[in-house]
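Undergrad: quick check, what structure comes out for this input:
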Amino acid sequence: MTSPNMKEICLNQEIDTPEKARMLQIRANRVFRSVKEVCDQHRETLASVLGNMCALKDEQAQGIVVDVLDMVAEKRGVKKMFEALLSEETLDKYISTMRVPDWVLVYFKLKARISDSTWQTAINFTNLGRTGVSSIMF
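TA: Reported below is the predicted structural model:
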């Protein structure tokens, strides 16, 4: 009889959670050692192989990375997934690129009932209408 794969371990309701975690870790370590041996034979790292393939828009590699992100997000939450899998520098770069869509600011103006002069200051400060962001893309 072959040992169950990680998906089978996760889906098995008869195994208690601590035992599942231990079984998953043992199985993952065993497979990862094999992958590392193959990478070492080719003098590459798994990260460099997947990273370069994703940068070259290889759909299979992108699918692998997306599956990894989805699994971690499902188990730990999206925020912790970003914190765990992105370096602090990359996470900071990502957050700095985010802008509030213009419609959110207009909605805020309508709900907040602020004066026109205060709104004009907010427009000047936020560059409302000049951000180039018309919707949230997630």
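
Undergrad: give me the next element, helix or strand, following the lowest-mean-pLDDT helix or strand in the chain.
TA: Least confident helix or strand, the chain: helix 102-112 with a mean of 77, by mean pLDDT, DSSP states H and E. Counting by DSSP states H and E, the next helix or strand C-terminal to helix 102-112 is helix 116-126.

Undergrad: list the contacts of residue 14.
TA: By CB atoms under 8 Å, 6 or more residues apart in numbering, no residues touch residue 14. Any C-beta I mention is one placed from the backbone N, CA and C, and that applies to glycine too.

Undergrad: pLDDT score for it?
TA: pLDDT, residue 14: 76.

Undergrad: next one: residue 43
TA: So, for residue 43, pLDDT stands at 96.

Undergrad: after the longest helix anywhere in the chain, which helix or strand is next? Please name it.
TA: For the chain, the helix that runs over the most residues, judged by DSSP state H, is helix 17-41. As assigned by DSSP H and E, the chain's next helix or strand after helix 17-41 is helix 46-55.

Undergrad: from the chain's centroid, how far away is that next one?
TA: 16 Å (CA atoms, centre = their mean, to the nearest Å).

Undergrad: return the helix or strand that contains residue 95 as PDB; C-alpha atoms alone will do.
TA: Secondary-structure assignment from DSSP H and E places residue 95 in helix 88-97. C-alpha atoms of helix 88-97 as PDB (Å, rounded to 0.1, in the frame of the first residue of the first chain):
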ATOM      1  CA  GLU A  88       9.500  43.000   3.800                       C
ATOM      2  CA  GLU A  89      11.000  45.100   1.000                       C
ATOM      3  CA  THR A  90       8.700  43.600  -1.700                       C
ATOM      4  CA  LEU A  91       5.600  43.900   0.600                       C
ATOM      5  CA  ASP A  92       6.400  47.600   1.200                       C
ATOM      6  CA  LYS A  93       6.800  48.200  -2.600                       C
ATOM      7  CA  TYR A  94       3.500  46.500  -3.200                       C
ATOM      8  CA  ILE A  95       1.700  48.500  -0.600                       C
ATOM      9  CA  SER A  96       3.200  51.800  -1.900                       C
ATOM     10  CA  THR A  97       1.700  51.100  -5.300                       C
END
